[in-house]
Each structure stands twice: as structure tokens, then as C-alpha cells.
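> would you be able to build a 3D model of this:
(2 chains, ligands or ions: 2)
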2 protein chains.
Amino acid sequence: MRQIKREQMNSTQKRIARRDFLTSIGRAVGSSAMLKTMAAMGIGTSLASCGSSSAAPGMPGSPNPPPAIPSPRPGDWPTNVGVGKSVVILGGGIAGMTTALEMTMLGYNCTILEATPVAGGRNRTIRAGDVINETDSSQTCLFDFDSDLYFNAGPARIAHHHEFLLGYCREFSVPLETFTNYNSGALLHSATSFNGQPQTARQVQADTRGNIARLLALAVNQNALDQELSANDKVNILQMLRSFGDLSGNFDYPGSERAGFPGQQDTGSRQRGEPLTPLQFQEIISETFWQQRQDFPHSLNQQSTMLQPVGGMDQIARAFENRIAADIVYEAVVTEIRKTADGARVIYQDRVGTSMTIDVDYCVCTIPASVLRNIPNDFASAHQSAINNFNYAAAGKIAFQSRRFWEQEHNIYGGISWTTQDITQMWYPNAGFGRANGIVVGAYMFGSNANNFANQTPQQRINSAIAQGRNLHPEYGNEAARGISVSWPKVPFQLGAWGTSDPGILLTADDNIFFAGEHLSILQGWQEGAILSAYHAIDLVVSRDIP
Amino acid sequence: MRQIKREQMNSTQKRIARRDFLTSIGRAVGSSAMLKTMAAMGIGTSLASCGSSSAAPGMPGSPNPPPAIPSPRPGDWPTNVGVGKSVVILGGGIAGMTTALEMTMLGYNCTILEATPVAGGRNRTIRAGDVINETDSSQTCLFDFDSDLYFNAGPARIAHHHEFLLGYCREFSVPLETFTNYNSGALLHSATSFNGQPQTARQVQADTRGNIARLLALAVNQNALDQELSANDKVNILQMLRSFGDLSGNFDYPGSERAGFPGQQDTGSRQRGEPLTPLQFQEIISETFWQQRQDFPHSLNQQSTMLQPVGGMDQIARAFENRIAADIVYEAVVTEIRKTADGARVIYQDRVGTSMTIDVDYCVCTIPASVLRNIPNDFASAHQSAINNFNYAAAGKIAFQSRRFWEQEHNIYGGISWTTQDITQMWYPNAGFGRANGIVVGAYMFGSNANNFANQTPQQRINSAIAQGRNLHPEYGNEAARGISVSWPKVPFQLGAWGTSDPGILLTADDNIFFAGEHLSILQGWQEGAILSAYHAIDLVVSRDIP
Ligand SMILES: Cc1cc2nc3c(=O)[nH]c(=O)nc-3n(C[C@H](O)[C@H](O)[C@H](O)COP(=O)(O)OP(=O)(O)OC[C@H]3O[C@@H](n4cnc5c(N)ncnc54)[C@H](O)[C@@H]3O)c2cc1C
Ligand SMILES: Cc1cc2nc3c(=O)[nH]c(=O)nc-3n(C[C@H](O)[C@H](O)[C@H](O)COP(=O)(O)OP(=O)(O)OC[C@H]3O[C@@H](n4cnc5c(N)ncnc54)[C@H](O)[C@@H]3O)c2cc1C
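Numbering: from 1, shown residues only, chains lettered A, B, ... in the order given. Ligands and ions are numbered 1, 2, ... in the order given. A predicted model of the protein is given here:
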């Protein structure tokens, strides 16, 4: 079960290229060992407060551990370095499966202990008949059976520069398609602006740019920026602003065709007439919602193009699983993690409730800190306290099956509408365009909204998501049905959405125990982060075995 | 052959809804007959110079006829109004096939005369073995056989508000997927800026927004705009600008993570470090290219989301053809268009060169004006001179088969890179992500570039597209192969890309002859325009037959 063969020859070529690249990085910025020591000591974490909005999907400004070090990656490690050594990997999510896949390739004898009957962890897609268990409720998915009718309860989009995750998709032949964050035909809705009427993204965008350009052109033309701009700069910037804002000849903003025509979201292109009157700029800038909501798709990890696996995010988990299934022990709930003289011992309950013991040379633990803190262990006290204090974001989603009224009647094909209401977002399906029915994500919420959601019953969640959704789409109440929700803080073996603390000491080994998982990466809340964390842990293990 | 059945019941419901809508429009803005008369007289065309960039794909600022009238559409016409009447439709493009489809449903006996062996006209997708004939050359497509390896030589994207075209796709079950215009990982390249080094779209975008926000914040903070902004507005706009530009606490722009990290286009997210140094703002505003190029995806018809049929644009033409094939006479080259006492007579050459005559009650002519002007006819002199003087844009494209190095090595998934060189654009495939090979569109050019292209041999076009493409991607020379090109001004029965003149008199009947085609619509250069033009012509015919 150790003979995993890479399927595409050019992955070998790529590894060589990567090794060359790394060498040159090493030369340029100092020895990798030194950099790792720095990271372990928390040096270089000072950028954590640089305002990154990239860590948490959809959560601008959530704290993000720093750009730390050039990550190690496959190709850095000597072949066969692990022959004769055994590893137990705790947790079969993306981090655990990556660890098993890559360490097996290096010759290690790997075993994954996974608490649930399926690998993938947070990478989870819900379809007809699936059951969602939370700590105090259970729901069965009532969607129709159809490859198109699925709900990505956890991860749903992949940034185009998440190259390791995308590399695995390529290697495993997981088909991908485009995921849309920004759709100019989707809606922005504030309960307290524009009389609570939703506005099309295209109009808010056009009018915002128009007004910014108009005001800056005015300042330039009034010579207010002459200390900053030469005469030539002024000519150039004015030309640019005219195009940027679609300004008139005299640098006014009378409105723009970019905003669409009246009723265009309902009638398409046939019905034109006079362009729309611009929205009151005072009102566009009046609330944080309008000030910031449009900038979401500009953050590094949310920029176009985004991708999604055809048929559901779990296609990725299934592809990993196909390659390492023989190494996974399912329904194996880890109950104790111990140190031995020269290795580690893990106790787990198997599927019939028997307590089992596994002794190994190394343990790589990818169990979320939110869960791990309750598992008896021999960790050093610094590691224990880091785990105990690790913060987790809350997040929740709800999905409905519905006639695709958003396509048929409002020309909305994929993308996201935003609202100030608790539901925060509404996601239209990015595939299956033109079909009769689709799955709409009727809420994707964080923070206090997500905590309220956690405390509601599944039926209460449905009721309030429908009530709020109607303020974006009046037809929602008649069309959206079969609601099913997930609140990540209440999912057993997860107890949170993603980590938000500084990884700190957990990036270092605790004797023969090593830690991984998305929370220990520079990309918290992303699958790519889970992979990067796995590479980091593998690197620590391998460095023990290099003679 | 007249019994075409709509496949989806709810199209009927939709027609009823449309009729209601139209009625209310009619009430609001005056009688539809009056509006049509206005359009026919050219009244309302004064908006043509309003700076629309929507008409021609990729050609900002091309003239666009005005928002004219609430377009007529299926559902406006009485059932069976055409029973017993015959119509000959000249040209089997989207306009001709729409006319046949809808008029057949109204009871008319329709015949399409199409010069070539396949319907679709400009809607044309090139695959392995296909032949592209121009007036002075012939090329055979050497791509590998693969559903994924196709080249949309004409139309390639559909705006989400082109609801009639999308409605037919829904009705005909043509699968659609997302088409990307803006990819932050794609490149912008000016031969005369930044030492000719291509820049990632994300960096140009982030630095442009950063600098605009910084300068406007400066003006606001210097009280330069106090006549425009209240104290409260100032607080709000500053908050918005901080987010808009990703400014620092003191409204400076030191660079932004939105621009990516050094080398990110090649190394993904693993290799971070200090954020990129911002591009010199002087240089970003120095040329029209930089001033305007980023604004392309903001124009109404180019806004996200855009769509494409899975497997090639001609899936739409095939779907139309499936429904009306029995009414199409292929390889029927119209050679004369005559009036008769109570109808029209069309002479054509059939596939063996025999001259044939067809006498009908009505003729709907969708032949492009560029071709039509050379066909002997009995048109009124005003119509003749409008046809003779109708301007057409030139456009050309070239495509190559290549290893997907842009995905594998540069994290580019779909979208467009832009350059100041003649090739103007490079389009990466928006589907088949992760596969070994793909079709890259290595040039899509207009105006004088397209005219130069027209005068080159196919081999010259390949050579220069490769040479220029290498300035965006050095590996292009080794990877891009099997080039095949199309220059629309040289394609027989087309002789141009799309019309750019005011339709004027051609929107009115010439006795029993009626005109249609994209050039006679408010959406010139779009398939939706071809459909709207067909509805307009049908409306004129039907109004003759309403008792
Ligand atoms: C709502 C939401 C949205 C997200 N959106 C995106 C997105 O759009 N794109 C993206 O890339 N990422 C997204 N993420 C993040 C992504 O899901 C995670 O980063 C990634 O899946 C984490 O992988 P992991 O292996 O580190 O952890 P997990 O997937 O949590 O794996 C840990 C595993 O440990 C197992 N386990 C726990 N306790 C025990 C025990 N006692 N014994 C044995 N096994 C145990 C669990 O069952 C689980 O399988 C999202 C996450 C959430 C919650
Ligand atoms: C390069 C390019 C890019 C484009 N991009 C897009 C895009 O992205 N999206 C989009 O929606 N649209 C796009 N368009 C526009 C779109 O292709 C047209 O608007 C539409 O296809 C025109 O349809 P039509 O029926 O009016 O004309 P045509 O398709 O030209 O149909 C006219 C028909 O008449 C036939 N004919 C000509 N002469 C004779 C004769 N003597 N006898 C008999 N038959 C004759 C021709 O063979 C042809 O089949 C693009 C066009 C081009 C050229």
C-alpha cells in the first residue's frame, strides 16, 4: 500500500524546478534552518496586523499569521528518507491526507486515524440523503437526487494561486470550473439605506467609481494636488479618471451605462431608455456596509479567477482518499496521545468501541485545537497552553433547493448577493446554468451572527433565512425549500470553523509529536493552508531522519 | 415541418408575463406603434454618441445605436397570425434562424436560404479538421481531436443580461459555463512602459486604486473639497477610501497585499515575504493603455458574469438548427432579390449551380450589408444607399494549441491578458482546467491591426502572433503550435466583423422586404442583437397580417 505512483510525468519535472527555485531562495534569504528557527520563535510575525483580509473566507480584517518562510514542499526531501519508520496521523482532513500521501512517497509507513466514517474533515459536500449531525440536532438532506444539487457546507472556492491544492487536482484529474465571487448582476442590500431596497452591484460599483473619479478630478482641476502632481501628471490622471469613472466631457458624473438601465435586472437588454439616475453618493458612503462590501473581491485570496471542483468540493477529498484509503482507519476516535521513550503512542476507540493502541516513531496531529484541547495527552506545557488558548472563528451556512428564479427572472448567473441582515450573503450556484432547479446558499455568516445561528434549531434557522432572503428576492418565500444548515462550532470533531491565533510554538516539534492543520499555516481558513501546514510538519520529521 | 414544440412549459408562462409587462410599458411610455414610428424616423438616436463602449466586443467607444424602443418579443404576436403566408429568410445565422423559429410558431411557412453548408453564420467554432476559407487562402485546423480543443472564431462570450439568447439556451438545453473577462492573475503589457515587462492585473489594479484613494484622501484632508462634502461626508468618504485603496492608517498607500507578493504569479501562495513595492503611479497613468485598459470589464456588456456554451459557441447554432433544419436550404447562394406585385421573388444558385427561384409573400433579409450591397435587387433607393454606406468593423483572431503552461506555471485560469502590440489580447481557455493541453487565443484585434492581419498570409499571422506572444510569456514560442486564424473581412458571405452604422431606414419595410441582422440592432456585434433585430422584423411582418 506504499507504492503510490504519481500519474503525470511532469510533476517530476516540476519538483526539480521547485528544488532549483528553493535553492536560490535559500541563497538569497539565508539558510532555511535559520528561517525556521525564526518562525518558531515568532520572529517575523509582526506583519500579522498588516490588515490582511485574506485569512478567513469572507471576513475582511480577521487576523492572519504572517508571511513566515518559504514553505517547504515535495521535492525538498530525499527519496526513501522514511524507510523503516512509522507515523500515525491523527485526523483525515486535507492536512492529514496530504501528510499521508507525501510521507508514504518518502518511504514512511503511515496510518491515519479518522474519527468519522469518511475522510475530508471540513471538506464536506451535502447531497440528497446525507445527514448533518450537530452536538444537539440531526438533519437529513431532502434535496432531489441530482449531481448538480449539492451544498458545499465547508470550503467552496479555491484561489487561482493556491497552487498546491490545484496541483493535486491536476494530478488526480479532479475537473475544475470557474467560481464567481463578483457578479455585477447580484444585489447589495442594507436594511437601513435606500429604503431597504436592494441595489444591483453594477449600479453601486459604477456610481462609486463615478463619484470618486468626479471628486478627484475636481480637486485636480482646482489645483489642490499641485504639490503631488506635475502638469503632465494632471493631464494623464484626468484622462484616466474620465475612463475610470465614465465621466462626461467636463468631468461630471451624470450616471453611466455601466450601471445598467432601469429594470435591467428583470428585463435584460431589450428594455432600455434613459440611463439610471445615479444613487445618492451620500448614501453610498453612509454605512460601513457600502464603504467596504464592494472591496471583498479585491482581497488576495478572493480575487478572480476562483475555481471549484465540478460536482462538489468533496471531489478533492475523494481523490485523496482514493490514493490512501488503505492507510486510513475510519471511525477511530483518538482518546489519548502519549509520548514513549523513542516515539509516540496513540490510544483510540475503534468502530465497535474497543480501545486500541498504536505505537509509532512519529505522530503528526492534525486534530483541530478546539477538539484537541479535550484529549488527554503528554504534550509539553507550552504546547498545551497554545492549544488551550487557540481561538476559532464561528461560521454557519444554510442551503435551499429552489427553482432557478434568479436566472430565469433576474439574469443572475452565479456570484454572491450581500446584505446587512444576519444571513450576510446569498450564493447562487456557479454551475448547472439553465437547469430547472439549483441549490442556493441562503446564509453564510461569521462572528456573532454565526453564534446566534448556532443556538437556533434547524427549523428556526430556516425560518429566519427565508424571512431575510425575501428582502433580497420577494419570490424566495415561495421558491426556496428543503433548507439544511450547518453550524461549524457545533459539528463534532470540529467545534469551530477555522483557527485565528498565531501558531507560535505549535510550529515546533514536541519530542516526536508534530502538529499540522489549517490553523498552523499562513492561510488559515483555506485548504491550501492545510496543505502548507502538512508540508511544514513533514519537513520537521524529515529533518530528524536526514543522516 | 411546422410543428415546433417548445420544450419547457414555463416559456408559455413567461410569454404571458412578458405580455403583461409590455402592456404596462405601453401604458407608461406611449403607444408602441408611435414608438416604432419614432424609431423608423431615427428619432431617439441622439444617444448614439453617449460614449457607450458596449456595442463591439472589446472595442471601447465604438458607436452604438441608441436605446430605441421597448423591443417586441415572442408573446406580442397573435397565434396563427401567419397561417397561409410564406416567408423566405435570407441567411441562416442567429438572426435568420430566430426569424424562422418564431415565425414558424406563428403559422408562417418559412424557408431559409443559406449560402454555406452549415447554419450559424458568424457563430462558428473551429475544431480538428475544420477548414477556414478566406477570399485568398485556405487553412485546415490541426488541433488534436478533443471536445475541449476548440476555437470560437466569432462570438465567444454572452453577457448575463442577454436574456433572449440565454432563454433559447435554456429552452434548448444548451449547457452553459462561466466565461472570465477579468482575471487578476493575467497580464497587462505595454511595450513602452515598465521596460516592456508585463505586470499582473492584480498589481496594476491594486496600485491604481491605492493611488486614486490616496490622492482623493489627501484632497479631502486638505479641505480642498469642503464645498462638495459636509464634515460627516468627509468622515465617511475617508473610511470608504481606506478600504477602497487599502490605505494605511494615515491614508498613505505603501503597497497592498491585494497586489500579491513578489513572484506570486509563478510560485503561488507558498512564497511570501515583503509585499510588492507599488508601481510608479506616474507610469501607470502615462499611457492610454494603462489609463483605460482596466476599465474594459466594467462596460455593461462585458461585466461579470459572462457565459459560454460548454464545448463551443456553435452549440447554440446546432441547437437552433436541430429545430428548423427542415426549413433550411443549404448551399443556396442568393443572387437576386426582387419585388413582385404582392410579394417577393428571390433567385439563388443551388449546390450544383442551378439557378432557382422562390416566390413568397414576404422576404426577411439577414445578409450582412457588406455582402448584400453586391446582390442585384429592387430595393428602394433609400434602402439601397443605407446598405451601400453601412460601415463594418474589422476583426481577426488567431488560436494555438499549447500545453497549459499558463495554468501549470503561472496560476492563470482563464481570462484575458492585454498588450499594446498588434495582437491586442491573449485569451486563456475558460474550461478544461487542469488538462494537459488547451487552446489559447493568441490575438483578437480590431481596426487597423485587424486590417494589417487581413493582409497577411496565415503563416505570417502565426509568426507575428508568436513573436508578440513571447513578450507576455517567454515559453510561448516553444509551446504554442498549430496556429489557425480568421480575418472576418476576408470571410466569404461575411466581409466584415459587425456593423457600426445607424440602422436608420433599414428598420422599415421596403414593400414586402424586411431587414434583420445584428447590424440593425441596439446591440451591434452581439448575438443578442441579431435576435432583437429578428424580433423587430417579425413585428413589422406581423403588423401587416393583423386584421
Ligand atoms: C464554513 C467554512 C468555509 C470554508 N471555506 C473555504 C474555502 O472556500 N476554500 C478553502 O480552501 N477553504 C475553506 N475553508 C477552510 C478549509 O475547510 C480548511 O482549511 C481545511 O479543510 C482544514 O483541513 P484540516 O485537515 O486542517 O482540518 P479538518 O478538515 O478539520 O480535518 C481534521 C480531521 O480530524 C478529525 N478528528 C477530529 N477529532 C478527532 C479525534 N479525536 N480522533 C480522530 N480524528 C479526529 C476530524 O474528523 C477531521 O476529519 C472553509 C472552512 C469552513 C468551516
Ligand atoms: C470576431 C467576432 C467576435 C464576436 N464576439 C461576440 C461575442 O463574444 N458575443 C456575441 O454575442 N456576439 C459576438 N459577435 C457578434 C455575433 O457573431 C453576431 O452579432 C451574430 O452572430 C450575427 O448574426 P446574424 O444572423 O445577424 O449574421 P450572420 O451570422 O453573419 O448570418 C448571416 C448569414 O447569411 C449568410 N449569407 C451571406 N450571404 C449570403 C447569400 N448571398 N446567400 C445566402 N446566404 C448568405 C451567411 O453565410 C450567414 O450564415 C462577434 C462577431 C465577430 C465577428
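
> could you tell me whether A:Glu336 really is in a strand?
Yes. Per DSSP: H, G, I helix; E, B strand; the rest coil, A:Glu336 lies within a strand segment.

> give the contact list for it.
When contacts are counted by C-beta atoms under 8 Å, 6 or more residues apart in numbering or on different chains, A:Glu336 touches A:Arg345, A:Val346, A:Ile347, A:Ile375, A:Pro376, A:Asn377. All C-beta spots, glycine's among them, are computed from the backbone N, C-alpha and C.

> that one and A:Ile358, how far apart?
11 Å (C-beta to C-beta, to the nearest Å).

> need the overlap of contacts for these two.
Shared contacts of A:Glu336 and A:Ile358, counting by C-beta under 8 Å, 6+ apart, come down to A:Arg345, A:Val346.

> show me how far stretch A:97-113 is from its chain's centre.
Here stretch A:97-113 is found 24 Å from its chain centre; the criterion is C-alpha atoms, centre = their mean, to the nearest Å.

> does it come close to ligand 1?
Yes. Interface with ligand 1: stretch A:97-113 contributes A:Leu113 (C-beta under 6 Å from any ligand atom).

> end-to-end on that stretch?
Chord length of stretch A:97-113, first to last residue, is 10 Å (C-alpha to C-alpha, to the nearest Å).

> repeat that for stretch A:172-184.
End to end - C-alpha to C-alpha - stretch A:172-184 spans 34 Å.

> what's the answer for stretch A:291-300, then?
Start-to-end, stretch A:291-300 (C-alpha to C-alpha) is 19 Å.

> so for it, what's the average pLDDT?
Average pLDDT, stretch A:291-300: 93.

> tell me who's in contact with A:Gly210.
Per C-beta under 8 Å, 6+ apart, neighbours of A:Gly210: A:Gly245, A:Asp246, A:Leu247, A:Tyr253, A:Gly255, A:Ser256, A:Pro278.

> the residue of chain A found nearest ligand 2: neighbouring residues, count only.
Relative to ligand 2, the nearest point of chain A is A:Ser269 (10.7 Å; C-beta to the nearest ligand atom). Using other C-beta atoms under 10 Å in any protein chain shown, A:Ser269 has 28 neighbouring residues.

> ditto for the one 3 residues further on
Neighbourhood size, A:Arg272 [other C-beta under 10 Å]: 22.

> quick one: pLDDT of it?
Value for A:Arg272, per-residue pLDDT: 71.

> excluding chain neighbours, what is closest to the residue of chain A closest to ligand 2?
Spatial nearest neighbour of A:Ser269, chain neighbours left out: B:His161 (5.2 Å); criterion: C-beta to C-beta, 6 or more residues apart in numbering or on different chains.

> doesn't A:Asp266 make contact with the one you found?
No. Using C-beta atoms under 8 Å, B:His161 makes no contact with A:Asp266, being 9.8 Å away.

> the more surrounded of the two?
Ranked by neighbour count (other C-beta under 10 Å), B:His161 and A:Asp266 place B:His161 first, with 27 against 13.

> show me the contacts for the more buried one.
So B:His161 contacts A:Gly185, A:Gly260, A:Gln264, A:Gln265, A:Gly268, A:Ser269, A:Asn411, B:Leu300 (C-beta under 8 Å, 6+ apart).

> quick check, the fourth one in a helix?
In this case it means A:Gln265. Yes. Looking at A:Gln265 with three-state DSSP, it is inside a helix.

> phi first, then psi, for A:Ala128.
Per-residue torsions, A:Ala128: phi -50, psi 130 (degrees, to the nearest 10).

> just to revisit the earlier point, from the contacts of A:Glu336, list the buried ones, please.
A:Arg345, A:Val346, A:Ile347, A:Ile375, A:Asn377 (16 or more other C-beta atoms under 10 Å in any protein chain shown).

> which other helices and strands does the helix or strand the second one falls within contact?
Counting by DSSP states H and E, the secondary-structure element that holds A:Val346 is strand A:343-349. Here strand A:343-349 touches strand A:86-90, strand A:333-340, strand A:355-360, strand A:362-365, going by 3 or more C-beta pairs under 8 Å, 6 or more residues apart in numbering or on different chains; DSSP states H and E.

> picking up where we left off before, in TSV, list the contacts of A:Glu336 along with pLDDT.
Formatted as TSV, the contacts of A:Glu336 follow (pLDDT from 0 to 100):
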residue	pLDDT
A:Arg345	98
A:Val346	98
A:Ile347	98
A:Ile375	98
A:Pro376	98
A:Asn377	98
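
> now for those residues, which pair is the farthest apart?
Spatial extent of these (C-beta to C-beta) is set by the pair A:Arg345 and A:Ile375 at 13.2 Å.

> which one is A:Arg345 nearest to, not counting chain neighbours?
Leaving aside its chain neighbours, A:Arg345 sits nearest to A:Arg338 (4.4 Å; criterion: C-beta to C-beta, 6+ apart).

> and if you look at A:Thr335?
Take A:Thr335 and drop its neighbours on the chain: the residue closest to it by C-beta to C-beta, 6+ apart is A:Ile347, 5.2 Å away.

> correct me, but that neighbour touches A:Cys363?
No. The pair A:Ile347 / A:Cys363 is not scored as a contact, 11.7 Å apart, by C-beta under 8 Å.

> what about the residue found closest to A:Leu276 once you drop the neighbours it is linked to in the chain, neighbour count?
Using C-beta to C-beta, 6+ apart and skipping residues adjacent in sequence, the residue nearest A:Leu276 is A:Ala259, 4.9 Å away. Residues within reach of A:Ala259, counting by other C-beta under 10 Å, total 27.

> surely A:Ala259 touches A:Thr277?
No. Look at A:Ala259 against A:Thr277 with C-beta under 8 Å: they stay out of range, at 9.2 Å.

> poorly predicted segments of chain A, please.
A:1-70, A:271 (pLDDT under 70).

> per-domain residue ranges of it.
A:77-121+A:314-392+A:498-545, A:125-185+A:306-312+A:395-490, A:198-286 (automatic domain parsing).

> need the helices and strands packed on strand A:343-349 in JSON lines (columns: distance to ligand 1).
Output for these, formatted as JSON lines (distance: least, C-beta to the nearest ligand atom, whole Å):
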{"stretch": "strand A:86-90", "distance to ligand 1": "6"}
{"stretch": "strand A:333-340", "distance to ligand 1": "3"}
{"stretch": "strand A:355-360", "distance to ligand 1": "12"}
{"stretch": "strand A:362-365", "distance to ligand 1": "9"}
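
> redo those strands as JSON lines? Include distance to B:Ile505.
Output for the helices and strands packed on strand A:343-349, formatted as JSON lines (distance: least, C-beta to C-beta, whole Å):
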{"stretch": "strand A:86-90", "distance to B:Ile505": "76"}
{"stretch": "strand A:333-340", "distance to B:Ile505": "80"}
{"stretch": "strand A:355-360", "distance to B:Ile505": "86"}
{"stretch": "strand A:362-365", "distance to B:Ile505": "77"}
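
> figure out which of the ones you listed is closest to A:Thr135.
strand A:333-340 (14.9 Å).

> could you pull out the buried residues of the closest one?
Within strand A:333-340, the residues scored as buried using 16+ other C-beta under 10 Å are A:Val333, A:Val334, A:Ile337, A:Arg338, A:Lys339.

> stretch A:224-237 too?
Residues of stretch A:224-237 classed as buried by neighbour count (16+ other C-beta under 10 Å): A:Ala224, A:Leu225, A:Glu228, A:Leu229, A:Asp233, A:Lys234, A:Asn236, A:Ile237.

> the nearest residue to A:Tyr108 once chain neighbours are set aside sits in which helix or strand?
Using C-beta to C-beta, 6+ apart and skipping the chain neighbours, the partner closest in space to A:Tyr108 is A:Gly82 (3.3 Å). Following DSSP H and E, there is no helix or strand that holds A:Gly82.

> could you pull up the residues touching A:Ala497?
A:Ala497 makes contacts with A:Tyr392, A:Ala393, A:Ala394, A:Ala395, A:Phe446, A:Ala450, A:Trp488, A:Pro489, A:Gly525, as judged by C-beta under 8 Å, 6+ apart.
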